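In: take a look and give me a structure for this.
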Amino acid sequence: QVQLVESGGGLVQAGGSLRLSCAATGRAFMIYTMAWYRQAPGKQRELVAGITSGGITNYVDSVKGRFTISRDNAKNTVYLQMNSLKAEDTAVYSCKTEVKLSLATPRRDYWGQGTQVTVSS
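Out: Numbering: from 1, shown residues only. Down below sits the predicted model:
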């Protein structure tokens, strides 16, 4: 099995920065796309940023130029550097990874427990 351990959330003033980390622990044959999602109160969960195993990234328009997703494949860890934070970035951020546990098993998604990011205005 694979577990995702997130860290780095917290309270920050508008304009500040935070860095989220998500480490995939356990045995995996292959880890494919890693991504960060967020869900604000009363809103649907949305994809914030994703990164493929080859390093191709994509972002939701609202965070382009402010957030940077990266990964360390040796550590099975994905990061989200968040700069110039705004009050509207306040949400629970969760990471998701697409994993293949063995050559014979299909890909499946694993989710982290979520970490709260609160931006005060």
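In: centre-most residue in the chain?
Out: Note on the chain: the residue nearest the mean C-alpha position is residue 36, at 2.6 Å, using C-alpha atoms, centre = their mean.
In: quick check: the gap between the residue in the chain sticking out farthest from the centre and residue 29.
Out: Ranked by distance from the centre of the chain (C-alpha atoms, centre = their mean), the top residue is residue 104, with 27.0 Å. With the distance defined as C-beta to C-beta, to the nearest Å, residue 104 ends up 9 Å from residue 29. Using the backbone N, CA and C atoms, a C-beta is placed for each residue, glycine as well.
In: same question for residue 54.
Out: 17 Å.
In: those two - which one has more neighbours?
Out: Neighbour tally, residue 54 and residue 29, criterion other C-beta atoms under 10 Å: the higher count belongs to residue 29, 12 against 8.
In: so which residues of the protein form strands?
Out: For the chain, the strands identified by DSSP state E occupy 2-7, 10-13, 18-26, 30-39, 46-51, 57-59, 67-72, 77-82, 91-100, 108-111, 115-120, in order along the chain.
In: would you turn those into TSV with mean pLDDT?
Out: What follows is these, written out as TSV (pLDDT from 0 to 100):
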stretch	mean pLDDT
strand 2-7	94
strand 10-13	98
strand 18-26	96
strand 30-39	96
strand 46-51	98
strand 57-59	98
strand 67-72	98
strand 77-82	98
strand 91-100	97
strand 108-111	96
strand 115-120	98
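In: any idea which of those is most buried?
Out: Highest mean neighbour count of the strands of the chain: strand 77-82, a mean of 23 (counted as mean count of other C-beta atoms under 10 Å).
In: give me the helices and strands touching that one, please.
Out: Using 3 or more C-beta pairs under 8 Å, 6 or more residues apart in numbering; DSSP states H and E as the contact criterion, the secondary-structure elements in contact with strand 77-82 are strand 18-26, strand 30-39, strand 46-51, strand 67-72, strand 91-100.
In: if you set the cut-off to 7 Å instead, what comes out?
Out: Taking 3 or more C-beta pairs under 7 Å, 6 or more residues apart in numbering; DSSP states H and E as the contact definition, the neighbouring helices and strands of strand 77-82 are strand 18-26, strand 67-72.
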